[in-house]
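> sequence first, predicted coordinates after that:
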Amino acid sequence: MARPTTTYVCQSCGAQTRQFFGRCSSCGAWNSLVEQTAPASDTRRRRPVAADASAASPRQPRRSEPIAAVGERPLQRLGSGYGELDRVLGGGLVPGSLVLLGGDPGIGKSTLLLQSAEAMATRCSVLYVSAEESAQQVKLRWRRLAEGASEVEGEMGGEAPAPRAQVRAEAPESAGLQLLAETDLELVLQELEALRPAVAVIDSIQALHDGELSSAPGSVAQVRECAAALARIAKRQDTALLLVGHVTKEGMLAGPKVLEHLVDAVLTFEGDRFASHRLLRAVKNRFGATHELGVFEMRGRGLAEVSNPSELFLGSEEPSAGTATIVACEGTRPLVVELQALVSTTSYASPRRTATGIGTNRLHQILAVLEKHLGLPLSRFDCYLAVAGGLEVEEPAADLGVAAAVVASYRDLTLPPGTVLIGELGLGGQLRPVGQLELRLQEAARLGFTRAVVPKGSGLARLAAGLDLQLLEAGGVAEALVAALGVNPADDRA
Ligand code: TYD
Ligand code: MG
């Protein structure tokens, strides 16, 4: 009989070695190798769900065909019941696709999927598999959400005598949503086979357990095997699968990268635990664009969609020294966001620079440009920068806004109300053009802004005039700040 072989599997990247190392040679993670014993020959019985299709028909030789001749099937999408979720998915759930939803514990993944499962259950069959919480816990949450939904409907529809969700809360058997509290993969697969739902939610993939593997639930081998088995059945039955995945301490999707390759879309649900809004993004999407953003707000009774998020990221009405407003673009979605800077004399040997919502390196770079090209002695000042609402702004189009907030705080100036700043700073102090300027200007005008400082050569003068927006074009940072502030910040008498 063949000897069982021992392999060591990295829990963060899935790499396998025959020898134990303290550090994974593939991804560099420390203490991530876990011993795994596998039978030498592949004696694992084949899962019945995987065996059928090939057994039914004799093997046929497959031939390729010209791509132009490949028959097209229109991509049908299932609305998830939430416009914000549909936007991130690229227009809705695609039958037979696998979507992985990642996020920190407690951010609201289960809530989002339960809400959306409940909404979809009115149109198609939906199975919710809870591997983490008991059926009772899910039921409690479901009831809480149903009450929230009835409140919203009441608000919208005036005096609605018996809101839909309330009726369902009283007569749960009429609801289309099926609930299964189970951690055993085999039983989950059987239920999927028996029910053949259009949509199934698995909460979470890390809590599922394949009895055939000896490793613990949540380990690389388990997660990979469970996801692969689910993927096979989803493709075969045209069931759209929504998988919940956990995020590790480092902020990566827990379990292997393998999982991200296996699924069709990876969504992340993020947000400040202390703020109520939550941001949903696609980091991978085979059926739509990535970088789309969905915005939700966590209320006492579930998640509510925020269809007008700019208002969320705008601070107080009163402009104050050191604030500047930018228009960031998340995918195709422009967001008007307020930035705040605080510049104060340092009492440290090296000044402190702290930024929330913008990379610190980016802040360092902008401060260096201001120091060099405007002659401001910022190296003797501490500088703190914050993006309102806890949003992360990654794109360089925010540079000019950061520069304006810093300079305004340094000079104790208030930017004229109704001003937005858009532009990327080059190291030479020049203002670089940014993409989707038209969209950004439209959003600013929609929210009542009247002045926009933008890079030179935008060619949008006519559009701005139509929007009642005063367009101030500038070639460099100094020129832009003079236009925005109305005074020359490099001038000591300012
Ligand atoms: P949950 O969906 O369980 O998070 P995850 O599945 O990502 O771990 O959300 C849990 C948090 O959301 C919890 O701290 C309570 C809060 N919450 C609300 O504020 N309102 C609600 O209606 C619900 C259901 C949860
Ligand atoms: Mg959960």
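That came through fine. Ligands and ions are numbered 1, 2, ... in the order given.
> for the rest of this, base every contact and every neighbour count on C-alpha atoms.
Will do.
> helices or strands up against the longest helix belonging to the chain?
For the chain, the helix that runs over the most residues, judged by DSSP state H, is helix 135-156. When contacts are defined as 3 or more Cα pairs under 8 Å, 6 or more residues apart in numbering; DSSP states H and E, helix 135-156 packs onto helix 109-120, helix 164-170, strand 177-181, strand 302-305.
> what about 7 Å?
When contacts are defined as 3 or more Cα pairs under 7 Å, 6 or more residues apart in numbering; DSSP states H and E, helix 135-156 sits against helix 164-170.
> so for the helix it packs on, mean pLDDT?
In this model, helix 164-170 carries a mean pLDDT of 39.
> is any part of stretch 111-131 close to ligand 1?
Yes. Part of stretch 111-131 sits close enough to ligand 1 to count as contact by Cα under 6 Å from any ligand atom, namely T111.
> pLDDT on that stretch, on average?
The pLDDT scores in stretch 111-131 average 93.
> show me the contacts for A321.
Taking Cα atoms under 7 Å, 6 or more residues apart in numbering as the contact definition, A321 lies against A408, S409, D412, L413, T414.
> how many other residues sit next to the last one?
Looking back up the chat, that one is T414. The criterion is other Cα atoms under 10 Å. On that basis, T414 has 18 neighbouring residues.
> what sits closest to it if chain neighbours are left out?
The spatial neighbour of T414 that comes closest, neighbours along the chain excluded (Cα to Cα, 6 or more residues apart in numbering), is A321 at 4.4 Å.
> go on, the third one?
Closest residue to D412 apart from its sequence neighbours, by Cα to Cα, 6+ apart: A321 at 5.5 Å.
> close to ligand 1: what parts of the stretch 101-250 of the chain are there?
Taking Cα under 6 Å from any ligand atom as the test, the list of the stretch 101-250 of the chain residues beside ligand 1 reads P105, G106, I107, G108, K109, S110, T111, R141, L145.
> can you select the buried ones from those in PyMOL?
In PyMOL, a selection of the buried entries from those looks like this (16 or more other Cα atoms under 10 Å):
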select buried, resi 107+108+109+110+111+141+145
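> taking the residues of the stretch 101-250 of the chain next to ligand 1, tell me the two that lie furthest apart.
Farthest-apart pair in those is P105 and L145; separation 19.0 Å (Cα to Cα).
> quick check, central residue of this protein?
R281 (2.4 Å; Cα atoms, centre = their mean).
> in which helix or strand does that residue reside?
Counting by DSSP states H and E, the secondary-structure element that holds R281 is strand 277-285.
> buried stuff in that strand?
H277, R278, L279, L280, R281, A282, K284, N285.
> so the residue nearest to T414 versus A405, what's the distance?
Computed as Cα to Cα, to the nearest Å, the A321 to A405 distance reads 8 Å.
> sorry, back to before: for the strand holding R281, packing partners?
Strand 277-285 sits against strand 265-270, strand 293-299, with contacts defined as 3+ Cα pairs under 7 Å, 6+ apart.
> any idea which of the ones you listed gets closest to ligand 1?
Nearest of the helices and strands packed on strand 277-285 to ligand 1, taken as Cα to the nearest ligand atom: strand 293-299 at 5.1 Å.
> what angle sits between that closest one and helix 135-156?
Relative orientation of strand 293-299 with respect to helix 135-156: 100 degrees, computed using axes from the mean of the first three to the mean of the last three Cα atoms, to 10 degrees.
> tell me what strand 293-299 is packed against?
helix 83-89, strand 277-285, strand 302-305.
> quick check, it touching ligand 1?
Yes. Using Cα under 6 Å from any ligand atom, a contact is recorded between strand 293-299 and ligand 1, made by M298, R299.
> quick check: the closest residue to L208 other than its chain neighbours vs R232, distance?
In space, L208 comes closest to T183 once its chain neighbours are excluded; the distance is 4.7 Å by Cα to Cα, 6+ apart. According to Cα to Cα, T183 stands 18 Å off from R232.
> compare neighbour counts for the two and give me the winner.
Neighbours per residue (other Cα under 10 Å) separate T183 from R232, with T183 holding more: 23 against 14.
> from E133, how far out is that one?
Applying Cα to Cα, one obtains 10 Å for the distance of T183 from E133.
> quick one: end-to-end distance for stretch 345-352.
10 Å.
> for stretch 445-461, same thing?
For stretch 445-461, the first and last residues are 14 Å from each other (Cα to Cα).
> count the neighbours of A119 for me.
Around A119 sit 20 other residues, with neighbours defined as other Cα under 10 Å.
> ok, it touching G79?
No. At 9.2 Å, A119 does not count as touching G79 under the criterion of Cα atoms under 7 Å.
> enumerate every residue touching G106.
By Cα under 7 Å, 6+ apart, no residues touch G106.
> on the three-state scheme, it is what?
On the three-state scheme (DSSP: H, G, I helix; E, B strand; the rest coil), G106 is labelled coil.
> and it, its phi and psi?
As for G106, its main-chain torsions (degrees, to the nearest 10) stand at phi 80, psi 10.
> just C329 next, same as before
phi -120, psi 120.
> pLDDT at it, what is it?
At C329, the model reports a pLDDT of 87.
> report the separation between it and H277.
As defined by Cα to Cα, C329 lies at a distance of 18 Å from H277.
> surely V453 and G418 touch.
No. Contact criterion Cα under 7 Å: V453 and G418 do not qualify, at 11.0 Å.
> who has more neighbours, those two?
Neighbours around V453 and G418, counted as other Cα under 10 Å, are more numerous at V453. The numbers are 22 against 17.
> which residues does the more buried one contact?
When the contact criterion is Cα under 7 Å, 6+ apart, the partners of V453 are V420, L421, I422, L471, L472, E473, A480, A484.
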